[in-house]
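A.B. asks: Pasting the sequence and the predicted model now:
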Amino acid sequence: QVQLVESGGGLVQAGGSLRLSCAASGRTFSSYIMSWFRQAPGKEREFVAGLTWSDGTTHYADSVKGRFTISRDNAKYTVYLQMNSLKPEDTAVYYCAASRGTATRDRYEYGNWGQGTQVTVSS
């Protein structure tokens, strides 16, 4: 069983930065894809960024490319999402997710989810 625990959300002004963390446990993650999704009120959960644990390859949604960076700390089994130049439209609950297999942006391919952390960006 994979456990994922997010932290680091909060309230920030537009243009500011936040760093989210996702602490993973319960498995070795060398074959996993670790991703961040977000869900705003009244909207579907959407892919934000993904990382292939084995080789560090990253993928980003067009809406965050150039502003967000996903990274990992192998020793701590932790995945980070550095969010810069935040916009009000980035406001959402952010979820960490893990999937075995090939990199995917499809949320239904992810069987392990964290509880989510709220990010609110004020204008």
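C.D. replies: Noted; the coordinates are in hand.
A.B. asks: For the residue nearest in space to the middle of the chain, pull up the helix or strand it's in.
C.D. replies: Centroid check for the chain by CA atoms, centre = their mean gives residue 36 as the closest residue, at 2.1 Å. In the assignment (DSSP states H and E), residue 36 maps to strand 32-39.
A.B. asks: likewise residue 95?
C.D. replies: Going by DSSP H and E, residue 95 is in strand 92-100.
A.B. asks: Residue 9: what's it in contact with?
C.D. replies: Applying CB atoms under 8 Å, 6 or more residues apart in numbering to residue 9 gives the contacts 18, 20, 94, 117, 118, 119. For the C-beta atoms, the positions are set from N, CA and C on the backbone; glycine is no exception.
A.B. asks: Dig out what the residue nearest to it when sequence neighbours are not counted forms beta bridges with.
C.D. replies: Leaving aside its chain neighbours, residue 9 sits nearest to residue 117 (3.4 Å; criterion: CB to CB, 6 or more residues apart in numbering). When assigned by DSSP bridges, residue 117 has beta-bridge partners residue 94.
A.B. asks: What's the local residue count around residue 117?
C.D. replies: By other CB atoms under 10 Å, 22 other residues sit near residue 117.
A.B. asks: So it sits against residue 19, correct?
C.D. replies: No: if you go by CB atoms under 8 Å, residue 117 and residue 19 don't touch, sitting 11.1 Å apart.
A.B. asks: which residues do the two both contact?
C.D. replies: Common neighbours of residue 117 and residue 19 (criterion: CB under 8 Å, 6+ apart): residue 8.
A.B. asks: Please pick the buried ones from the contacts of residue 9.
C.D. replies: 18, 20, 94, 117, 119 (16 or more other CB atoms under 10 Å).
A.B. asks: which residues does the first one contact?
C.D. replies: The reference is to residue 18. By CB under 8 Å, 6+ apart, the contact list for residue 18 reads 8, 9, 10, 12, 83, 86, 119.
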